[in-house]
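Asker: I'll drop the sequence and a predicted model, then ask my questions.
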Amino acid sequence: MFGSIARGTTSVRGFLRGEDNFSTLNAFRAMGVAVADDGETLRIEGKGLHGLAEPFDILDCGNSGTSMRLMTGLLAGQRFFSVLTGDRYLRNRPMKRVLEPLSRMGAAIFGRAGGDRAPLAIVGKELTGIDFASPVASAQVKSALMLAGLYAAGTTTITEPHLSRDHSERMLRFFGGDIETFAGGVRVRGGRELEGRDIVVPGDISSAAFLIAAGLLGGREVVIEGVGTNPTRAGVLRVLRRMGAPLVAAPKGAARVLRIDEEPNPPHVFTPSQLYQLNAAIEDHVSTTEAPVAYAAGLQRLEEVHGRSDLEAWVRHVGSKCEARGGTLVLRGLPAEVISDLEAGLGVAGTQPGLQGMLESLANPIRRAIVSFVFSSGPVSYSAILKMNFVDSSSKLSFHLQKLQSDRLLTKTEGGAYILTDEGRQAWRVVRALGDERRRPPILFQPA
């Protein structure tokens, strides 16, 4: 939706190919939005706030209540007539909780059952911002009013009894909307054009919940990458923790890593072939992550494409972005002369090869506790570690010790005691620096 009413091109990777999303996609195609789909990435040629065209036919939302409710807000401020419908189940779902506040903004929307049921006929009109106190916390109501607020004169303010999902607020801010969030609500000022963006959609935590449950029931460590853990969406994690589940979400510091690699293999990896696309991904990561870490490899390609001066300017720019959020930029494989040029005044530090895997290993709080104990205590025996009660069984301790050894963080002496490797000591110092706001370096260099 945002890409369709933004100016310029929006690319979307990780698009969920479900019927609801395709219903929305086809509705915007029917309003003149060109969308190219190569099976991996959508490229949406935005029309701007007022560039949509009146659809020739009724817009079918299928079974998607989210599509219908949000589109009523978006279509209410257009300069044309439109009709929304859906399957027989959607046509029996209530719509008045969205339509009533929209009517207060000046929207003209008509439907069955006194305006409470689809099909909905929408006569686009000029809208005026309102202050709306929602009686329930509803992301759909809030998002519909925010979309309408983009077309409204003045300011639209929505408050709710407690915070509902805030994906729309985050996305609107990313697209350049005039938006302000505050405790209990959000304000949107109308009239500002949005700009196309490059987007990577994270995995859905609802789907991940099944895998999390399977791992807990099976007593095995399960790593699920690329899952969105927005606090307004991750209630399942909070409930499981209250039940005593040993969950490890991406913690502050080491695991808050955005990978930037030369080869764009998995969807969450960005190629540095274009600085603009890379900057958009980093901007999104840094702006939505506490103490972010951006891990960049393959940067010689940036130098080849953009030149030495642009590469150095980019490193300084991203480093300052990370530093402003209390984070760190980790750079791998830069030429020595570039590192030398950048070292002046940037508070940089060197680190060893393999840092990325070590950081991710130490993202686990049990392994961090073990390494901290070994670091401070010197050579320690298996029984001494077991007595510290980091885990509730010897089998779990053995698993974590084996993991730390395979990641080259720990090793055994001839007498069988555990000690940190040289690489492990350096990695532990990095992790402690990442977690200490007073000592955290804004940039770390890692040799190729």
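Answerer: Good, I have the coordinates.

Asker: show me the shaky parts of the stretch 251-400 of the chain.
Answerer: 251-308, 310-311, 325-327, 330-360, 363 (pLDDT under 70).

Asker: how far away is Leu150 from Gly46?
Answerer: Distance from Leu150 to Gly46, counting by Cβ to Cβ, to the nearest Å: 13 Å. Where you see a C-beta, it was placed from the backbone N, CA and C, and this is true even at glycine.

Asker: and the helices in the stretch 301-448 of the chain, which stretches?
Answerer: For the stretch 301-448 of the chain, the helices defined by DSSP state H, counting those that start in this stretch cover 308-324, 336-343, 355-361, 365-377, 382-387, 394-406, 422-435.

Asker: check the stretch 151-300 of the chain too.
Answerer: Under the criterion DSSP H, counting those that start in this stretch, the stretch 151-300 of the chain contains helices at 167-174, 205-218, 235-242, 275-287, 300-306.

Asker: and Lys47, what does it touch?
Answerer: Lys47 makes contacts with 4-5, 31-33, 53, as judged by Cβ atoms under 8 Å, 6 or more residues apart in numbering.

Asker: for those, give me TSV that also has secondary structure, neighbour count and distance to Ser143.
Answerer: TSV is the format used below for the contacts of Lys47 (DSSP: H, G, I helix; E, B strand; the rest coil; neighbours: other Cβ atoms under 10 Å; distance: Cβ to Cβ, whole Å):
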residue	secondary structure	neighbour count	distance to Ser143
Ser4	coil	26	15
Ile5	coil	25	13
Met31	coil	22	18
Gly32	coil	14	22
Val33	coil	20	19
Ala53	coil	13	23
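
Asker: just give me the closest of those to Met68.
Answerer: For the contacts of Lys47, the residue nearest Met68 by Cβ to Cβ is Met31; the value is 14.8 Å.

Asker: using the three-state scheme, assign the nearest residue to that closest one once chain neighbours are set aside.
Answerer: Distances taken as Cβ to Cβ, 6 or more residues apart in numbering put Leu52 closest to Met31, at 4.4 Å, once the chain neighbours are dropped. State at Leu52, reduced to three classes by DSSP: H, G, I helix; E, B strand; the rest coil: coil.

Asker: over to Leu52: give its phi and psi.
Answerer: phi -70, psi 150 (degrees, to the nearest 10).

Asker: pretty sure it is touching Gly32, no?
Answerer: Yes - counting by Cβ atoms under 8 Å, Leu52 touches Gly32, with 6.2 Å between them.

Asker: give the buried residues for stretch 136-156.
Answerer: Neighbour-count burial for stretch 136-156 flags 138-152, 155-156 (criterion: 16 or more other Cβ atoms under 10 Å).

Asker: just stretch 406-426 next, same as before
Answerer: Under the neighbour-count criterion of 16+ other Cβ under 10 Å, stretch 406-426 has 407-410, 417-421, 423-426 buried.

Asker: can you tell me the average pLDDT over it?
Answerer: The pLDDT scores in stretch 406-426 average 86.

Asker: now do the contacts for the residue nearest to Gly114 when sequence neighbours are not counted.
Answerer: Residue nearest to Gly114 in three dimensions, not counting chain neighbours: Lys96, with 7.7 Å by Cβ to Cβ, 6+ apart. Lys96 makes contacts with 114-116, as judged by Cβ under 8 Å, 6+ apart.

Asker: mind checking how far the closest residue in space to Gly86 that isn't next to it in sequence is from Ala30?
Answerer: Take Gly86 and drop its neighbours on the chain: the residue closest to it by Cβ to Cβ, 6+ apart is Cys61, 4.3 Å away. Distance from Cys61 to Ala30, counting by Cβ to Cβ: 12 Å.

Asker: more crowded one of those two?
Answerer: Cys61 (26 against 18; other Cβ atoms under 10 Å).

Asker: confidence score at that one?
Answerer: Note for Cys61: predicted pLDDT of 94.

Asker: pull the contacting residues for it.
Answerer: Applying Cβ under 8 Å, 6+ apart, the residues near Cys61 are 23-24, 27, 67-68, 71, 84-86, 90, 118.
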